[in-house]
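> one predicted model, sequence on top.
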Amino acid sequence: MASIKCRNLTFSNIQAILFDKNGTLEDSEVFLRSLAQKAARLLDAQVPGIGEPLLMAFGVNGNTLDPAGLIAVASRRETEVAAAAYIAETGRGWFESLQMARQALEEAEKYIGKTPSPLFVGSLEVLKNLSEAGIKLGILSAATTAEVREFVATHQLSNYIQLEMGVDEGPSKPDPILFLQACERLGVELSKTLMVGDSVGDMQMARNAKAAGCIGITWTGKAENVAGADVIINQLDEIQIC
């Protein structure tokens, strides 16, 4: 166990830290914005006029991605359901709408390709230092588990990350059961585990699970995106061992 200091706050007796992926460790803004734009165009070709409302729902405005928007923080399943709701408003059946949304997102992903999004500057060093201090590290993301595993493999993080967990068919953030399951798999106590994330959902999930603390990171400086955090940082190297 170790003590973790962030700005003027110190968390004592910490066994583990769980990190979100998108927007926390991974600078995925370009990928997510491109995914939303391509999916919206594909659906607009089938349902004329739906593209712009969909982009707004996804949280994309021109070349700007809202870090608190749907495409940035929701699970793939939630994104599909939200897009399908817009399609269904045009009079199409629900299952047809859901299939159209799913297919558009899948085709958009294939079109964009598999160029990996970069780690945020300093992420690797922070993970390395924490791991060497004996703290167990995991990723708990709204992305799928397969995407989390691919991320860890791509950036060669397996020496540091002991849990690769995403949202598949089960509950989504901010359900605290996810945090509980992650801690069980790591073999650590809830009250001795920190959550680091860039969304309100991350903060709510950890707080409701009675975590040791919630560290909100906002690279954009928008504190409202991590409302409920015990402490807010702007870069990962503000997480220090003391």
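Arrived safely.

> where along this protein do the helices fall?
Ranges of helices in the chain, per DSSP state H, are 29-46, 51-58, 70-73, 76-88, 94-112, 123-132, 145-154, 176-186, 200-208.

> report the angle between the fourth one and helix 51-58.
Think helix 76-88. 150 degrees (axes from the mean of the first three to the mean of the last three C-alpha atoms, to 10 degrees).

> starting at the chain centroid, how far to helix 76-88?
Taking C-alpha atoms, centre = their mean, to the nearest Å, one finds the center of helix 76-88 at 18 Å from the center of the full chain.

> which residues are contacting it?
39, 43, 47, 50, 53-54, 57-58, 70-71, 74, 94, 96-98, 100-102, 104-105, 142-144, 167, 169, 172 (C-beta atoms under 8 Å, 6 or more residues apart in numbering). (C-beta placed from N, C-alpha, C; glycine too.)

> from the residues you listed, keep the buried residues only.
Among the contacts of helix 76-88, the ones that count as buried by 16 or more other C-beta atoms under 10 Å are 39, 43, 47, 50, 54, 57-58, 70-71, 74, 97-98, 100-102, 104-105, 142-144, 167, 172.

> reformat the helices of the chain as CSV; add distance to residue 19 and mean pLDDT.
CSV is the format used below for the helices of the chain (distance: least, C-beta to C-beta, whole Å; pLDDT from 0 to 100):
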stretch, distance to residue 19, mean pLDDT
helix 29-46, 17, 96
helix 51-58, 24, 95
helix 70-73, 14, 94
helix 76-88, 19, 95
helix 94-112, 23, 96
helix 123-132, 8, 96
helix 145-154, 10, 95
helix 176-186, 11, 97
helix 200-208, 9, 97
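
> want to throw those into TSV with distance to residue 16?
Converted to TSV, those look like this (distance: least, C-beta to C-beta, whole Å):
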stretch	distance to residue 16
helix 29-46	27
helix 51-58	33
helix 70-73	22
helix 76-88	26
helix 94-112	31
helix 123-132	10
helix 145-154	16
helix 176-186	5
helix 200-208	12
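
> of all those, which lies closest to residue 242?
helix 123-132 (11.9 Å; C-beta to C-beta).

> and the contacts of the closest one?
17, 25, 137, 155, 157, 159, 160, 161, 236, 237, 239, 241.

> cool, and stretch 235-242?
2-7, 10, 17, 24-25, 120-123, 125-126, 129-130, 133, 135, 196, 215, 217, 219, 233.

> got a ChimeraX select line for the buried ones in those residues?
Remark: buried members of the contacts of stretch 235-242, expressed as a ChimeraX selection using 16+ other C-beta under 10 Å:
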select :4,6,17,24,25,120,123,126,130,135,196,215,217,219,233
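
> of the contacts of stretch 235-242, which belong to strands?
Taking DSSP state E, the ones among the contacts of stretch 235-242 that sit in strands are 2, 3, 4, 5, 6, 10, 17, 196, 215, 217, 233.

> measure the second one to residue 81 for me?
Meaning residue 3. 42 Å (C-beta to C-beta, to the nearest Å).

> my read: residue 100 touches residue 93, true?
No - Residue 100 lies out of contact with residue 93 (C-beta atoms under 8 Å); the separation is 10.3 Å.
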